[in-house]
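Participant: here is the input, now give the coordinates:
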Amino acid sequence: RSFRSNLNPAATPGVYLAEILPTVRGQYEVQLTGSIGDTAVDEVLEPEEVLGSKALTFPDDPPDPFALQETVDGLSAQLRIFQILAAAGLVLGLAGLGVAVFALVRGRQP
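Facilitator: The predicted model follows:
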């Protein structure tokens, strides 16, 4: 793929800038062709590996409030189910304890 951009002189003499923002991570080659004044330019440069644009954004995108609300609602429903199961387990445990006490008392009677 190729991308065409103009080089613009920077505030520092001899320095030129081309504003680009690669959005795909990878290693790129930059070929500069053209002329600066009477000087012909034909150079291939290999800059550092390009990180994805996500690495340049700050802060991270905030979570979607609707998705968070759905998650909270789902967790609340699960919590209610677990509370009901815990209460049922407590009732069954107490019933089992009652049966055990009844069996012990009845077994000791002559």
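Participant: could you use CA atoms for every contact and neighbour count after this?
Facilitator: Will do.
Participant: measure the closest residue to G52 other than its chain neighbours to E19 for me?
Facilitator: Once flanking residues are discounted, G52 sits nearest to R25: 4.5 Å by CA to CA, 6 or more residues apart in numbering. According to CA to CA, to the nearest Å, R25 stands 17 Å off from E19.
Participant: one more: T39?
Facilitator: 22 Å.
Participant: my guess is the residue nearest to G52 contacts E48. True?
Facilitator: No: at 10.9 Å, R25 does not count as touching E48 under the criterion of CA atoms under 8 Å.
Participant: out of these two, which sits in the busier spot?
Facilitator: Taking neighbours as other CA atoms under 10 Å, R25 and E48 compare with R25 leading, 13 against 10.
Participant: give the contact list for the more buried one.
Facilitator: Contacts for R25 (CA atoms under 8 Å, 6 or more residues apart in numbering) come out as 49-53.
Participant: all strands of this structure, in order?
Facilitator: 8-9, 16-17, 30-36, 39-45 (DSSP state E).
Participant: what residues does the second one touch?
Facilitator: The reference is to strand 16-17. Against strand 16-17 from outside (CA under 8 Å, 6+ apart): 7-10.
Participant: swap in the last one?
Facilitator: The list of residues contacting strand 39-45 from outside it, by CA under 8 Å, 6+ apart, reads 29-35.
Participant: pretty sure T23 contacts G52?
Facilitator: Yes: assessed by CA under 8 Å, T23 is found in contact with G52 at 5.5 Å.
Participant: quick one: which of those two has more around it?
Facilitator: With neighbours defined as other CA under 10 Å, T23 and G52 compare such that G52 has more, 14 against 11.
Participant: contact partners for that one?
Facilitator: Contacts of G52 (CA under 8 Å, 6+ apart): 22-25.
Participant: what about 7 Å?
Facilitator: Listed by CA atoms under 7 Å, 6 or more residues apart in numbering, the contact partners of G52 are 23-25.
Participant: one more: A95?
Facilitator: Applying CA under 7 Å, 6+ apart, no residues contact A95.
Participant: got the CA positions of the helix or strand bottoming out on mean pLDDT in the chain in CSV?
Facilitator: Among the helices and strands of the chain, strand 30-36 carries the lowest confidence by mean pLDDT, DSSP states H and E, at a mean of 83. The C-alpha atoms that make up strand 30-36 are tabulated as CSV, following Å, rounded to 0.1, in the frame of the first residue of the first chain:
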residue,chain,number,x,y,z
VAL,A,30,8.6,4.9,4.2
GLN,A,31,9.7,6.0,0.8
LEU,A,32,10.4,9.7,0.4
THR,A,33,10.5,10.9,-3.2
GLY,A,34,10.4,14.4,-4.7
SER,A,35,12.6,17.4,-4.3
ILE,A,36,13.5,20.0,-1.8
